[in-house]
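**Q** build the 3D model from these lines:
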Amino acid sequence: MGNAHPSDRNFDFNDPPREKVSVMKKIIPLVLGSLLLLGATACSDRSDTTATDDGIRTDQRESDARARDQRDGMNPAAEGEQQTTGDLAVDVRNSLESALPGSRLAVSVDDSNGRATIDGTVRSQEQFDEIEPLVMAFEGVQSVDVQATVDPN
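**A** Below you'll find the model as predicted:
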């Protein structure tokens with residue numbers, strides 16, 4: 001036994017078990033692949049959320065209109081009464097959201113001069129070009145300051 005060749009050894013505390021190394025070689029790529037798949041899924045296209053957001057916003061627009069009708073006791077536009085600036089801004093925003101799907105716009109209206117400011121993003125140049133005519137159609141709006149940008153994503 002004293003003259004045993006080093007390749008004849010069966011066990012050495014310094015050598016890692018071959019089965020553990022083999023399992024680790026299989027598990028590490030699986031874990032890394034799973035993390036990459038999870039990351040890619042989290043960064044995927046938001047097209048599914050847009051349809052849901054539009055449905056939620058439609059419900060919100062209807063709810064806004066009902067609340068205003070209940071608050072005022074009637075529909076001010078039908079009676080020819082002047083809308084408040086907040087109501088006008090909400091109506092303009094709702095109109096833009098309906099006419100420009102996928103847009104993300106904020107609207108403010110200055111009551112003293114009738115100037116509407118539109119900020120945010122739209123999906124195309126065609127949508128951008130529609131903003132000013134849509135806003136000018138509202139009674140009480142004298143001018144439009146479009147600060148929105150085109151973002152196709």
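
**Q** now the strands for this protein?
**A** 104-110, 115-122, 143-146, 149-150 (DSSP state E).

**Q** mean pLDDT and distance to E97 added to those strands, as TSV?
**A** Glycine gets a C-beta too; all of them are placed from N, C-alpha and C. Putting those into TSV (pLDDT from 0 to 100; distance: least, CB to CB, whole Å) gives the following:
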stretch	mean pLDDT	distance to E97
strand 104-110	90	7
strand 115-122	93	10
strand 143-146	94	15
strand 149-150	92	17
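
**Q** including distance to A89 and mean neighbour count, could those strands go into JSON lines?
**A** Below are the strands of the chain laid out as JSON lines (distance: least, CB to CB, whole Å; neighbours: other CB atoms under 10 Å):
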{"stretch": "strand 104-110", "distance to A89": "5", "mean neighbour count": "18"}
{"stretch": "strand 115-122", "distance to A89": "8", "mean neighbour count": "19"}
{"stretch": "strand 143-146", "distance to A89": "12", "mean neighbour count": "16"}
{"stretch": "strand 149-150", "distance to A89": "20", "mean neighbour count": "12"}
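
**Q** make CSV out of those strands and add distance to E130.
**A** Converted to CSV, the strands of the chain look like this (distance: least, CB to CB, whole Å):
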stretch, distance to E130
strand 104-110, 11
strand 115-122, 8
strand 143-146, 10
strand 149-150, 12
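
**Q** under the pLDDT cut-off, which ranges of the chain? List them.
**A** Residue ranges of the chain with pLDDT under 70: 1-20, 43-58, 61, 65, 68-69, 71-86.

**Q** please enumerate the helices of it.
**A** Secondary structure of the chain (DSSP state H): helices at 18-42, 47-72, 76-79, 85-99, 125-136.

**Q** could you list the buried residues of the last one?
**A** The one in question is helix 125-136. For helix 125-136, a neighbour-count test (16 or more other CB atoms under 10 Å) marks Q127, F128, E130, I131, E132, L134, V135 as buried.

**Q** many thanks, we can stop here.
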